[in-house]
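Provide a 3D model corresponding to the input given below.
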Amino acid sequence: MNPFFSIWTQPSKTIRYIIDHKSIVYSFMLISISALANSIFAFADLGFFESFNLPTTIVLILFIGLLSGLAGWGIAIAAYTWIGKILGGTGTMRKMSLATGASAIPAIWTAPIGVIAIFLYGKQLFDAPSGPFGTNMSIGFFFLQTWVVLGVSIFALIVQSKGIGIVHNFSSWRGFGTIVLFSGFMFIISIIILISLFSLFIYT
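A predicted model of the protein is given here:
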């Protein structure tokens, strides 16, 4: 079985195959490649690196994307394992690390779009938008990549829900609930941090 292809047609079987036959190093590589693929559009049109040339910008973006992706992977493993057990699951962190790696495969397929965008727009891709549409990409390309990334992200969410369910021996819907609870917790924490920072800014 080749997980890069079978994940699209047999996601549950692919997840079980990865859990049973692959190592954490394999999952680490999947997460790393996925993080690198996602980093290009994550920083597009933000203007954070306008003072750098294109090679330096790409290196910085890939480095930051890789670090954040691996950090997010570690947090997700712990959170999905812990929350899943609260919901009645029986999974381990090792199995969860492999299942979350499987859910990263769809995003890897979007990497060519990012490479094409860099060839088409160069340094301009990462500059602050100067046009009326909030992007330096052409409208056609922007909507194409947006819909492709959105579709892949939804499918990856489905795979992740199935993976959590398989690891914890419960349904995919409960796996989805695990993701929702974690996302809600992170949202609340983010709001608390923003309120705290805002309060410090107002009263200092």
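
Going by C-alpha atoms from here, please, whenever you check contacts or count neighbours.
Will do.

so where's the longest helix in this protein?
Longest helix in the chain, counting residues (DSSP state H): helix 54-86.

Remind me what that helix packs against, helices and strands.
helix 24-42, helix 93-102, helix 139-168, helix 172-202 (3 or more Cα pairs under 8 Å, 6 or more residues apart in numbering; DSSP states H and E).

chain center to the first one: distance?
To tie it back to what came earlier, the one meant is helix 24-42. In terms of Cα atoms, centre = their mean, to the nearest Å, the centre of helix 24-42 is set 8 Å apart from its chain centre.

before we move on, back to that, give me whichever of the helices and strands packed on helix 54-86 is most buried.
helix 93-102 (a mean of 25; mean count of other Cα atoms under 10 Å).

relative to helix 24-42, how tilted is that helix?
40 degrees (axes from the mean of the first three to the mean of the last three Cα atoms, to 10 degrees).

For whatever helix or strand comes next after helix 93-102, name the packing helices and strands.
Using DSSP states H and E, the helix or strand that directly follows helix 93-102 along the chain is helix 105-108. Applying 3+ Cα pairs under 8 Å, 6+ apart, one finds that helix 105-108 makes contact with helix 3-9, helix 24-42, helix 139-168.

any idea of the pLDDT on F141?
F141 carries a pLDDT value of 87.

where's it relative to I158, distance?
Going from F141 to I158 by Cα to Cα, to the nearest Å gives 26 Å.

Surely Q124 and N136 touch.
Yes. Between Q124 and N136 there is a contact under Cα atoms under 8 Å: 6.6 Å.

which residues does G175 contact?
Taking Cα atoms under 8 Å, 6 or more residues apart in numbering, we find G175 in contact with 84, 160-165.

One more: S32?
Applying Cα under 8 Å, 6+ apart, the residues near S32 are 66, 69-70.

returning to that earlier point: let's have the helices and strands packed on helix 105-108 in TSV, adding distance to I118.
Listed next are those as TSV, based on distance: least, Cα to Cα, whole Å:
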stretch	distance to I118
helix 3-9	24
helix 24-42	8
helix 139-168	12
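
related to what we said a few turns ago, of all the contacts of G175, which comes closest to I58?
Comparing these against I58 with Cα to Cα places Q160 closest, at 28.6 Å.

Would you agree that closest one is in contact with T100?
Yes. Between Q160 and T100 there is a contact under Cα under 8 Å: 6.3 Å.

Need the residues touching each of those two.
Contacts common to Q160 and T100, judged by Cα under 8 Å, 6+ apart, are absent.

how many degrees apart are the lowest-mean-pLDDT helix or strand in the chain and helix 139-168 in direction?
In the chain, the helix or strand scored least confidently by mean pLDDT, DSSP states H and E is helix 172-202, which has a mean of 85. Interaxial angle of helix 172-202 relative to helix 139-168 (the same axes, to 10 degrees): 120 degrees.
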